[in-house]
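predicted model and sequence below, questions to follow.
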Amino acid sequence: MSEATGAYPPGARLGEMLRREGERIMGAMPARLEGERARDVTSLSGLPLKGFYGPDDVADLDYERDLGDPGVYPFTRGIHPTMYRGRLWTMRQFAGFGTAEETNARFHYLLEHGQTGLSVAFDLPTLLGYDSDHPRARGEVGREGVAVDSLADMERLFEGIPLDRVSTSMTINGPAAILMAMYVVVGEKQGVPPERLSGTLQNDILKEYIAQKEFIFPPEPSLKLVVDTIEFATRHMPRWNTVSISGYHIREAGSTAVQELAFTLADGLTYVEACLQRGLDVDSFAPRLSFFFNSHLDFFEEVAKFRAARRMWARFMRERYGARNPRSWTLRFHTQTAGCSLTAQQPEVNVVRVTLQALAAVLGGTQSLHTNALDEALSLPTAEAARLALRTQQVIAEESGVASVADPLGGSYFVEALTHEMERRAMEYIERIEAMGGVIAAIRQGFLQREIAEAAYRYQREVADGERVVVGVNKYVVPPSEEKAVPILRIDPELERKQVARLEQVRRSRDERRVRHALEALREAARREQNVMPALIEAVRAYATLGEMVDTLKAVYGTYAEEAIL
């Protein structure tokens, strides 16, 4: 700038102009503001953040090596060239409560309001492999999801829903192979063969030992069951995603974003290696592996996490495992907004949280998305709250403009530097896990569980001390009298009695001789370490119950009790 005229000389570079103007403004700031600028800031995961980022922070970045165009290895910028211009993400709202009929009605409601895929939530007894009349199921039937005891429940659950035209995700892990068998047989009864079924089985048992704790069998036979489902689907269900390798529950247990990224990919690598040991070719199964991530509140950190995950997985699959099919290199993922971030206080504010989290998932390149409802810190969502959560996605897709361009944040100095840092720190974790002997060894040593527990403790201390703001909880609090009441979904207490009566009817009406033979064949397949999927399908056809099939496998595999983590 000319001191005489106050004008920039002709031809001055824009960057130089902005730099000098910034120095002039900053030099005029009072000392108090200078001190505020210098305060330390970290991401939600504790990564130190600079006040601003520039070319020096991405000086080592090579575009073709580290980014590439969307749809090009290493897929940092997205797995499809056109991303959402070509096709929007699947809007897959998680639903399940009460009896199969009630959940079926909710499914129809959501499909009528524009949902494009189903996602089934099962109740706790089903997740743990108990029938609804088991003593340990008492008081929990239908409370956190739908109760499924036998094929009869699955038939009611999907009544009127054409399985050859709807993609279904099932959040089930310990007894995942059994629920997959039930879905196959429901398809048969609709005239839909396995090769035309599309959807996703969560089936990620390793994260149960790490975080969610809904395991049944010891880790080794549980991993074998996962490989059984992958092998079966590879041969018979080409449109089926056999495992949704899940960081969501790891994050909900209190992990950082870096831990979620590292532990999830480490689990995925374990499944790949187990399939290779079974004798499967990597390109025969890898294209149907999928992932499931959490989208939390630190907006840019979440975007960077998704981008780093794609790049890391692509490199692992091509460079470590020699996959040749580009589809084997692509990390496809579903996202759910962070349930653990929602508050019972001022629940309407949860709409804002969910919107930001959903936007981060979309800008991070997700393939499908569930948006949590505003009332989920209080109860299962009401139909109205679930519809508003779905509308949140639809507004982002149809009105915001963010779906018009693939990876619109790509090239941001901050986002690219943060993506690199997320990858670097996640790789450090993966290398530590591999040095311990792998994920199962790290689980048995308590390493992964301890890391998450310590991260969760640090976060809660920050909230308690006011260092981490939670709006409506430790800042901007309103008196209870000013809290806005929201409708609460109530589960009919008669539901459990009705479900147990139906289970008894199934047992009375089925061919008991056929059931006994099917369960004996299942026991023999497990004992001989054969793939148990054919035996499970036959047991399902005979209307053996979930609990009977699980108990049959327990007699061979045993059960697992976690040791205390010190």
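Cool, the structure landed.

could you identify the helix or strand that succeeds the lowest-mean-pLDDT helix or strand in the chain?
Sorting the helices and strands of the chain by mean pLDDT, DSSP states H and E puts helix 31-37 at the bottom, at a mean of 46. Using DSSP states H and E, the helix or strand that follows helix 31-37 in sequence is strand 41-42.

ok, the next helix or strand after that following strand: who's next to it in the sheet?
Downstream of strand 41-42, the next assigned helix or strand under DSSP H and E is strand 48-49. Note on strand 48-49: by DSSP bridges, its sheet partners are strand 41-42 (antiparallel).

what lies in contact with the strand it pairs with?
48-49, 51 (Cβ atoms under 8 Å, 6 or more residues apart in numbering). Backbone N, C-alpha and C define where each C-beta goes, glycine included.

go again with 10 Å.
47-51, 298, 301, 462, 467-468 (Cβ atoms under 10 Å, 6 or more residues apart in numbering).

contacts only, for Gly86.
71, 80, 406.

what do you get for Gln345?
Shown in contact with Gln345 (Cβ under 10 Å, 6+ apart): 377, 470-474, 476-478, 480, 483.

can you pull out the strands in the stretch 301-450 of the chain?
Under the criterion DSSP state E, counting those that start in this stretch, the stretch 301-450 of the chain carries strands at the ranges 333-337, 368-370.

closest one to Asn531 among those?
Comparison of the strands of the stretch 301-450 of the chain against Asn531 by Cβ to Cβ identifies strand 333-337 as nearest, at 26.4 Å.

what lines up beside the closest one in the sheet?
The strands beside strand 333-337 in its sheet (DSSP bridges) come out as strand 289-295 (parallel), strand 368-370 (parallel).

verify the contact between Met237 and Ala181 for me.
No. Using Cβ atoms under 10 Å, Met237 is not in contact with Ala181, being 11.4 Å away.

and the two? Which one has more around it.
Remark: of Met237 and Ala181, Ala181 carries more neighbours, 27 against 24, as counted by other Cβ atoms under 10 Å.

distance check, that one against Ile430.
Distance, Ala181 to Ile430, using Cβ to Cβ, to the nearest Å: 33 Å.

sketch out the low-pLDDT regions of the protein for me.
For the chain, the stretches with pLDDT under 70 are 1-39, 93-96.

apply 50 and report the result again.
Low-confidence segments of the chain, defined by pLDDT under 50, span residues 1-12, 14-15, 17-18, 29-36.

show me what the residue nearest the centre of it is bridged to.
For the chain, the residue sitting closest to the mean C-alpha position, by Cα atoms, centre = their mean, is Phe292 at 2.7 Å. Phe292 forms beta bridges with Ser246, His334, as assigned by DSSP bridges.

what residues are up against it?
So Phe292 contacts 169, 171, 200, 202, 204, 207, 243-249, 264, 333-336, 368, 370 (Cβ under 10 Å, 6+ apart).

just the buried ones from those?
For these, a burial check counting by 16 or more other Cβ atoms under 10 Å picks out 169, 171, 200, 202, 204, 207, 243-249, 264, 333-336, 368, 370.

sort out which residues of stretch 484-496 are buried, please.
Residues 486, 489, 491, 495-496 are the ones in stretch 484-496 that count as buried (16+ other Cβ under 10 Å).

quick check, nearest of those to Gln190?
Nearest member of these to Gln190, counting by Cβ to Cβ, is Leu495, at 26.2 Å.
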